[in-house]
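[1] output the structure for:
(2 chains)
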Amino acid sequence: MSRFFANGSDSESESSEEEVQAPNFNKASAFQFSDDEEEVKRVVRSTKEKRYENLTSIIKTIRNHKKIKDIPNTLSSFEDLTRAYTKALPVISKEENGITPRFYIRCLAELEDFINEIWEDREGRRNLSKNNTKSLGTLRQKVRKYIKDFEEDLSRFREAPDQESEAEDEEAHVSDAGDAADDSDVGFKKELSVTAPKLAKSAPAKVVPADDDDSDDSIDWDSDTESETESSEDENQYQNMRERFLKRSTEKGEEKIGDEEKRKDKRKEQKLKIRKRAEDDEDGEWETVVKGHVVEKPKMFEKDAEIDIPLVLAKLVEIMSARGKKRTDRRLQIDLLFELRDISDQHNLGVPVSVKIHFNIISAIFDYNQKISEPMKMEHWALLLEVMQSMMKLLLANPDISISESVAEEHEEYAAAPFYIRGCPLAAVERLDDEFTKLLKECDPHSNDYVSRLKDEMNVVKTIELVLQYFEQCGNPNERCRIYLRKIEHLYYKFDPEVLKKKRGEVPATTATSVDVMDKLCKFIYAKDDTDRIRTRAILAHIYHHAMHDNWFQARDLVLMSHLQDNIDAADPATRILYNRMMANLGLCAFRQENVKDAHHCLVDLMVTGKPKELLAQGLLPQRQHERSAEQEKIEKQRQMPFHMHINLELLECVYLVSAMLLEIPYIAAHEFDARRRMISKTFYQQLRSSERQSLVGPPESMREHVVAAAKAMRCGNWQACANFIVNKKMNTKVWDLFYESDRVREMLVKFIKEESLRTYLFTYSNVYTSISIPSLAQMYELPVPKVHSIISKMIINEELMASLDDPSETVVMHRSEPSRLQALAMQFVDKVTNLVDVNEKVFDMKQGNFFQRGNMGNRGDRGYNRNQNNQGGNWGGQRRDNRNQRNRNQRGHHKNQQQQQQQQVQTIDEE
Amino acid sequence: MANRGGRHARTEDSDNTINYVQCDGLAVMKMVKHCHEESSNMDLAQGALLGLVVDKCLEITNCFPFPKSGDETMDEEMYQLTVMRRLRRVNVDHLHVGWYQSSDVGNSLSLALLESQYHYQTSIEESVVVVYDTQKSARGFLCLKAYRLTPQAIQMYKDGDFTPEAFRTLKVGYESLFAEIPIVIKNSPLTNIMMSELNELLPEDKGHNFLDLGTASVLENHMRSLIERVDELYQEAVRYNKYQQVVFKQDSDKNRALAKLAAENAVRTSKGEPTVAEEEVIKQFRPMPVPARLTATITSGQINTHSQHIAQFCSQSLAKLFITESLQNAKEAKEIK
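    Numbers count the residues shown, from 1 in each chain, chains lettered A, B, ... in the order given. Next comes the predicted model:
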């Protein structure tokens, strides 16, 4: 029977044929599948079958409970049922196009009737046990609430409870059985019980009946004979079953055909409706949905009324006055507005009226969705877009209409030019854009759905463009700024290869690129904007756009000039997110432009927190210990960026780690024994530490492991290994290929790795050399000799390397003035010991203070003891003070015996 | 304060169960082998010592390693008992007299060691812990030390009270937690004979391994751990200092409150009202928890041992230096001839 569902849309002849098979399948205890294909199919079917079976069995128990008025059990069964239904929902929506199975609706209807009946029967209710009454209340509430979702179906069902409007075998079967359940309950049970074990026992059943029916056949048939036997068996089965099912199947066969046609018609109708809807056709569409209700649509106008502007406007006001009221049918409202528009168009009431009505349609559609946090429906949005565009076209075509918020209601002018209309297309388009973003965020970014929705972005941009044109014609600077910002926000994150081509002179300099457009828009905003927010956002977007196109210096100068870093904390979250995005991109740009230090600087704030994902609004961190309430989470969700605007986090992290490595490793090497060494990058340090702590380090897998492995190679100056870890096939696909000109970036990287490795090498191993030849260093690092020369000179100038250059022999002569490792350690130790002594003295001082104070208080019983201590303390203090003086005299004094002893040892060692 | 860490002070206080440990060559070799093979940076090698107490001397005649702790299927106690039972069958001393452990540059005297030694010493009175330093021994300095807990330390651990007061009353200091017991390695005459024979076989210019002057790395390691310990101690001191400040503040608050109460009470008595007891006020100030001093003491002890190790190492190194010098001179003289 489920096969029937699966092929529901096939031709009628097929369906009738399958109808014959269906009952066979039901009785499959004697039925045999010998073909493999058949097996596979069966598995596919079984989920649905299982769900349905589950539903029917629950429905049956409900029915039984109802019969004995066991309300608590009915309640629990009802809960089971709803649960089972939710489970079955995907199957249902797949197999039956979302139409609720009729047997389910029937059950719901019956349940409702049952409850109402009991509820009405006050006498009987009083007699119910306490438990029953309680469950009755709950059940009633639950059912009522639940049924709301099925209202349409229910009403349709109630119209014709016995008519099999939806031709589904399952349903027919169940409803028949259900009807029969009262008198032949046993039969039904048997049927069900037969179906149940069949599923489980399908495998053994395969062999046993074969032996029964075709005992003379050998076991090793080839597939041909098998299928033959199968079909013959089919016939057998059919024969057997025929008597039982004869009447029904033939009957139903016919019925089925009819129904199938009906259904087809219906589907066509639906499709038609959708198309109609798209064409803004008003009648039919909304009506059919509410068919069940007897809501008569109010007549627009009296038949013979003279339709003129005031009348239409009055009607408009009348319709709109219902807006926002609780019982208003919002769909109907939209519907009426469309009708009104058509009427006004028919009667040539002029553009202004049409614009006004358009406007009201837009707000009505916005109203339709009541929850702001949830996106509106796709079709509504499309409708909205269309209305918006047509309105803007009207406005652009008729420059004598001025529409703005400043026009008061009573000053609206529709009859003669110049026309004045109250309204704000800017707000509408902004809302439209926001809704679009919400729609995008709502669907899965990896699906095709997302791509197809993203196609609509073009339309949004077009609409914005229309509005922008309109405001350029007649708008105050403020409004222009706002609409410019909208445009900028659609523009700034898009990469335009033309820009780079232009830079290289491949395209004539006159070509307008997105950077130019951005420049124009942003400069207008800088000049004219008086709200800080729009300007800030414009600057951020501008920097972002520059950074994206490798205009590092422009971007950097903009950042520095705007002093954004100082006051960004005061901005709203959305702007802060934009700031973070800008910083991330600026960092990437700096990296591409070989400014490793700047790249690190830009990214460090983002990465040091360990949650760049959250900072860039590209996803929420998993909830930990109820850090945020549901409310907060909702707000945060609203802030998220749509997927196509995301910045690749792995790329970001990799760039950050690599630049941190290039900075940190030479630094570590240079300051190996510095007690007060600071970390440049905490995150990178942690990565390095955690890798060092592992007892066994395998070959790198993830991006981070690669960078850490590279850092380790760099520590011993092995640039080749380091470069191999950073630039290889895995890392290319993971990270580097994401850059626009990845080859250039890779070359740059290798160059940097060579230089920094050389520096690290010199720092680490300079103490084992008396002199190093520069050419051999150049050979080692595959760098030109002058480059090596310059690097070493720089190190000497910066006093990082104690050495001098010997030009004739082309060598670096080490001066060996740095302390040896042991000496450095001893120095560090001295520092630590001094610290310790200081703290110890503090402890002592404290104790003295305590004693003094207690001694002074002197009103407690243990006065004598205190005084005693006091003396001692005084003595000690004296000693300590002496000690301290001594220490002051000879800077690294030897204070405690123990320490003295140790330092002597250190000195001995040094002497050695 | 002078010379608190001296050795003579230690032996006075310690109990007189054992005066020295006499270790068999076999047991030493087994320990050394096990420690070198099993110990790495992360985990330590441990094992049990077997032997007998004769008069005031603890003779260690055999030992066996504990299995690595990673294996959970093994029942350690069962394992130990089985091993001992089997050793008994082959007529080996089977009395459990302590345990041994490997260590890295003298980091051994930790809280964990104290705990386990406490359990050993409370169940087997004369048990010792032998600590073998792998790294230093690899550098040519055999480093085998036997430790016992002093009676004070046992008492302290039994009480579980690590406040400064408890330390003071028990007279426990960093130097009186562990008592080092001298180890004597004793070989049977047969072994000695074989050793001398082996010595004959050795070519003249070999066998100078023990003259390895690898001082730098050992010293560096010592310094590193010393720095770490000092850092720990520093932190402990800071903690204690903080505690003092808090207590001081609380005390002054309390005194102020008491003074206020006294004044109020004076007024009350003049009015003839009942006075409020001082206890009410005192109750409001709960005594602060005193920071435990055990870790600080142990760390001090470690610093002490480190210092001793360094001192010993340096003197040994100096001796070696002289030996090498004379050897070198002899060699050169020989070459000149």
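[2] which residue ranges of the stretch 101-250 of chain B form helices?
    For the stretch 101-250 of chain B, the helices defined by DSSP state H, counting those that start in this stretch occupy B:111-123, B:134-138, B:151-159, B:164-170, B:189-201, B:215-271.
[3] tell me which stretches of chain A form strands.
    Taking DSSP state E as the criterion, chain A carries its strands at A:401-404, A:419-422, A:771-773, A:803-806, A:811-814.
[4] quick one, which of those is nearest to A:D70?
    When the strands of chain A are ranked by distance to A:D70, counting by Cβ to Cβ, first place goes to strand A:419-422 at 63.1 Å. Every C-beta, even on glycine, is put in place using the N, C-alpha and C of the backbone.
[5] burial of the residue nearest to A:Y450 when sequence neighbours are not counted, as a residue count?
    Residue nearest to A:Y450 in three dimensions, not counting chain neighbours: A:C443, with 5.3 Å by Cβ to Cβ, 6 or more residues apart in numbering or on different chains. By other Cβ atoms under 10 Å in any protein chain shown, the residues close to A:C443 number 19.
[6] these two touch, right, A:C443 and A:D449?
    Yes: between A:C443 and A:D449 there is a contact under Cβ atoms under 8 Å: 4.9 Å.
[7] what is in contact with those two at once?
    Here A:C443 and A:D449 have no joint contacts, going by Cβ atoms under 8 Å, 6 or more residues apart in numbering or on different chains.
[8] now do residue 55, the pLDDT please.
    Going with chain A. On the pLDDT scale, A:L55 is placed at 78.
[9] actually, chain B is the one I wanted.
    80.
[10] count of residues packed around the residue in the stretch 501-650 of chain A that chain B sits nearest to?
    Going by Cβ to the nearest Cβ, chain B is nearest to A:V608 of the stretch 501-650 of chain A, at 24.9 Å. Applying other Cβ under 10 Å, we find 14 residues neighbouring A:V608.
[11] hang on, it packs against A:K682?
    Yes: taking contacts as Cβ under 8 Å, A:V608 lies within contact range of A:K682: 5.8 Å.
[12] get me the contact residues on the stretch 101-250 of chain B for chain A.
    Residues of the stretch 101-250 of chain B that fall close to chain A, judged by Cβ under 8 Å from any Cβ of the partner chain: B:215-216, B:219-220, B:223-224, B:226-227, B:230-231, B:233-234, B:237-238, B:240-241, B:244-245, B:247-248.
[13] in PyMOL, how would I select the buried members of these?
    With 16 or more other Cβ atoms under 10 Å in any protein chain shown as the criterion, this PyMOL line picks the buried residues out of those:
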select buried, chain B and resi 215+219+220+223+226+227+230+233+234+237+240+241+244
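[14] circling back to that earlier point, quick one: the residue of the stretch 501-650 of chain A closest to chain B from A:F684, how far?
    Distance, A:V608 to A:F684, using Cβ to Cβ, to the nearest Å: 10 Å.
[15] kindly report the same for A:D400.
    Going from A:D400 to A:F684 by Cβ to Cβ gives 65 Å.
[16] of the two, who's got more company?
    A:F684 (27 against 10).
[17] spatially nearest residue to that one (excluding sequence neighbours)?
    Nearest non-adjacent residue to A:F684 (Cβ to Cβ, 6+ apart): A:A660, at 3.8 Å.
[18] the one you found and chain B: what is the separation?
    26 Å (Cβ to the nearest Cβ, to the nearest Å).
[19] same question, A:D743
    A:D743 is 43 Å from chain B, by Cβ to the nearest Cβ.
[20] same thing with A:S742?
    41 Å.
[21] let me know the pLDDT of residue 308.
    Going with chain A. Taking A:D308 on its own, its pLDDT is 69.
[22] switch to chain B, please.
    At B:Q308, pLDDT is 84.
[23] and A:K94, by the same measure?
    67.
[24] could you do A:R122 as well?
    69.
[25] cool, and A:L316?
    Value for A:L316, per-residue pLDDT: 75.
[26] for the one 5 residues further on, same thing?
    What the model reports as pLDDT for A:S321 is 74.
[27] again, but for A:E755
    A:E755 is assigned 90 on the pLDDT scale.
[28] what's the burial count for it?
    As a burial measure, A:E755 scores 19 neighbours (other Cβ under 10 Å).
[29] thinking again about what came up before, now do the same contact list for the residue of the stretch 501-650 of chain A closest to chain B.
    A:S681, A:K682, A:T683.
[30] now the second one: how far from chain B?
    Think A:K682. Taking Cβ to the nearest Cβ, one finds A:K682 at 20 Å from chain B.
[31] with A:K356 instead?
    For A:K356 relative to chain B (Cβ to the nearest Cβ), the value is 74 Å.
[32] surely that residue meets A:E413?
    No: with contacts counted by Cβ under 8 Å, A:K356 stays clear of A:E413, the gap being 10.9 Å.
[33] between these two, which contacts overlap?
    Common neighbours of A:K356 and A:E413, using Cβ under 8 Å, 6+ apart, are A:I421.
[34] who has more neighbours out of those two?
    A count of neighbours by other Cβ under 10 Å puts A:K356 above the other of A:K356 and A:E413, at 27 against 14.
[35] tell me how far the residue of chain B most remote from its centre lies from chain A.
    Most distant from the centre of chain B: B:K271, at 66.1 Å, with distances by Cα atoms, centre = their mean. Separation of B:K271 from chain A (Cβ to the nearest Cβ) stands at 24 Å.
[36] residues contacting that residue?
    By Cβ under 8 Å, 6+ apart, B:K271 lies in contact with nothing.
[37] just B:P65 next, same as before
    B:H34, B:E38, B:A45, B:Q46, B:G47.
[38] by neighbours, which of these wins?
    Counting neighbours by other Cβ under 10 Å, B:G47 leads the contacts of B:P65 with 24 neighbours.
[39] surely B:T163 meets B:P289?
    No: in this structure B:T163 lies outside contact range of B:P289 using Cβ under 8 Å: 9.2 Å.
[40] give me the more crowded residue out of these two.
    Between B:T163 and B:P289, B:T163 has the larger neighbour count (other Cβ under 10 Å), namely 15 against 8.
[41] look up how far A:T511 lies from that one.
    In terms of Cβ to Cβ, B:T163 sits 82 Å off from A:T511.
[42] now the stretch 401-550 of chain A against chain B: closest residue?
    Counting by Cβ to the nearest Cβ, the stretch 401-550 of chain A gets nearest chain B through A:H446, at 42.7 Å.
[43] would you mind measuring from that residue to A:D605?
    30 Å.
[44] give me the more crowded residue out of those two.
    Shown here are A:H446 and A:D605; by other Cβ under 10 Å, A:D605 has more neighbours (15 against 9).
[45] which ones are touching A:L426?
    A:V467, A:F471, A:E479, A:R482, A:I483.
[46] could I get those as JSON lines with pLDDT and neighbour count?
    Shown next, in JSON lines, are the contacts of A:L426 (pLDDT from 0 to 100; neighbours: other Cβ atoms under 10 Å in any protein chain shown):
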{"residue": "A:V467", "pLDDT": "83", "neighbour count": "28"}
{"residue": "A:F471", "pLDDT": "82", "neighbour count": "21"}
{"residue": "A:E479", "pLDDT": "81", "neighbour count": "18"}
{"residue": "A:R482", "pLDDT": "85", "neighbour count": "20"}
{"residue": "A:I483", "pLDDT": "85", "neighbour count": "23"}
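[47] and stretch A:834-846, C-alpha only, in CSV?
    Output of stretch A:834-846 as CSV, limited to C-alpha atoms (Å, rounded to 0.1, in the frame of the first residue of the first chain):
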residue,chain,number,x,y,z
THR,A,834,65.2,38.5,46.0
ASN,A,835,61.5,38.4,45.4
LEU,A,836,61.1,35.7,47.9
VAL,A,837,63.1,37.6,50.5
ASP,A,838,61.0,40.6,50.0
VAL,A,839,57.8,38.8,50.6
ASN,A,840,59.3,37.0,53.6
GLU,A,841,60.2,40.4,55.0
LYS,A,842,56.7,41.6,54.5
VAL,A,843,55.4,38.6,56.4
PHE,A,844,57.8,39.5,59.2
ASP,A,845,56.8,43.1,59.2
MET,A,846,53.2,42.1,59.4
